[in-house]
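Chemist: I need the structure of the sequence given here:
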Amino acid sequence: MPTLEIRDLHVSVEGKEILKGVTLAVRGGEVHAIMGPNGAGKSTLAEALAGHPAYKVTRGEALLDGEDLLAMRPDQRARAGLFLAFQYPTEVPGVTNVNFLRTAVNARREKPYTVMEFYRLLQEKMKQLEMDPSFANRYLNEGFSGGEKKRNEILQMALLEPKIAILDETDSGLDIDALRVVSDGVNALRGPELGILLITHYQRILRYIQPDKVHVMVDGRIVLSGGRELADQLEERGYGWIEEQFAAPAAGGGAGSEEAPA
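Modeler: Model prediction:
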């Protein structure tokens, strides 16, 4: 069973500390949702784990199946089984979807797919995500709507079969129909060989993707953890009641999380 362990992670960007001691463990078969107000550090966590060079880890560690994730280059992290679905997927003119995906998938396989083997697999996964077959030959994300880009990210996840998937605000910019299709795709991939870290600002996606655990991040720390009901409390009360209790704790205070009140 794959495991991502994050221990006391501190991350700075341009000399400013953003993450101030995040501790979290995600195992295969689990979906963990991280929620929090804008600027809390949610996307910083995703980028730091993926290896973005602008995000400097100053303390702590992250282990993927016991291996030091932070010692790996970004491509090594991907080959080891870490996947990041971007909040704003990049357009790559001149590179077709099918060529990009086949190259990415074969980079993780001992025996590469032939062109025809991969094309059959791609068509199967695209059908599952209700994607028009013509998308295979379009340039990567170029001219795609927001929903199409997000479906394309989930298509990549389905093909790459990662151990741990980080979904950074996958619901951003999606209408209800696109959100349903993307969520159905994520749910179809759930299982003991995949752990999911779902980063979101709103709880609407959690109506479709039921999390096993919900964590609230404020000011670079996970300050509260609980079950699905915690997302309902946030929807009802907003982030204000959390920020009043936990924002900017006194110097020397703990960086751990508390369980949500009953």
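Chemist: Might you report the residue contacts of the residue nearest to G81 when sequence neighbours are not counted?
Modeler: Leaving aside its chain neighbours, G81 sits nearest to K163 (3.2 Å; criterion: C-beta to C-beta, 6 or more residues apart in numbering). C-beta here means a position set from N, CA and C on the backbone, and glycine is covered the same way. Counting by C-beta atoms under 8 Å, 6 or more residues apart in numbering, K163 touches P2, L4, G28, L64, D65, A80, G81, L82, E193, L194, G195.
Chemist: redo that, cut-off 10 Å
Modeler: Taking C-beta atoms under 10 Å, 6 or more residues apart in numbering, we find K163 in contact with 1-4, 26, 28, 64-65, 80-83, 193-195.
Chemist: Next step: those residues restricted to strands.
Modeler: The members of the contacts of K163 that map onto strands under DSSP state E are T3, L4, V26, L64, L82, F83, G195.
Chemist: Provide a list of residues in contact with the fourth one.
Modeler: Right, L64. L64 neighbours (C-beta under 10 Å, 6+ apart): 2-5, 49, 70, 72, 77, 80-82, 163-164, 195.
Chemist: give me the beta-bridge partners of it?
Modeler: Beta-bridge pairing for L64 (DSSP bridges): L4, E67.
Chemist: pLDDT score for it?
Modeler: Model confidence at L64, given as pLDDT, is 98.
Chemist: low pLDDT regions in the stretch 151-262 of the chain?
Modeler: Scanning the stretch 151-262 of the chain for pLDDT under 70 picks out 247-262.
Chemist: give me that answer again for 50
Modeler: The model of the stretch 151-262 of the chain has pLDDT under 50 over residues 250-255, 261-262.
Chemist: just the strands in it please.
Modeler: For the stretch 151-262 of the chain, the strands defined by DSSP state E, counting those that start in this stretch cover 164-168, 195-199, 213-218, 221-226, 258-259.
Chemist: can you redo these as JSON lines with distance to L45?
Modeler: Output for the strands of the stretch 151-262 of the chain, formatted as JSON lines (distance: least, C-beta to C-beta, whole Å):
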{"stretch": "strand 164-168", "distance to L45": "8"}
{"stretch": "strand 195-199", "distance to L45": "7"}
{"stretch": "strand 213-218", "distance to L45": "8"}
{"stretch": "strand 221-226", "distance to L45": "9"}
{"stretch": "strand 258-259", "distance to L45": "19"}
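Chemist: got TSV for those, with mean neighbour count too?
Modeler: Output for the strands of the stretch 151-262 of the chain, formatted as TSV (neighbours: other C-beta atoms under 10 Å):
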stretch	mean neighbour count
strand 164-168	25
strand 195-199	25
strand 213-218	24
strand 221-226	22
strand 258-259	12
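Chemist: So which of those strands is nearest Y88?
Modeler: Counting by C-beta to C-beta, Y88 lies closest to strand 164-168 out of those; the figure is 9.0 Å.
Chemist: May I have that closest one exported as PDB, CA atoms only?
Modeler: Extracted C-alpha coordinates of strand 164-168, given in PDB (Å, rounded to 0.1, in the frame of the first residue of the first chain):
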ATOM      1  CA  ILE A 164      -0.100   9.300  -4.800                       C
ATOM      2  CA  ALA A 165      -2.100  11.900  -6.700                       C
ATOM      3  CA  ILE A 166      -2.300  15.600  -5.700                       C
ATOM      4  CA  LEU A 167      -5.200  17.400  -7.200                       C
ATOM      5  CA  ASP A 168      -4.700  21.100  -6.800                       C
END
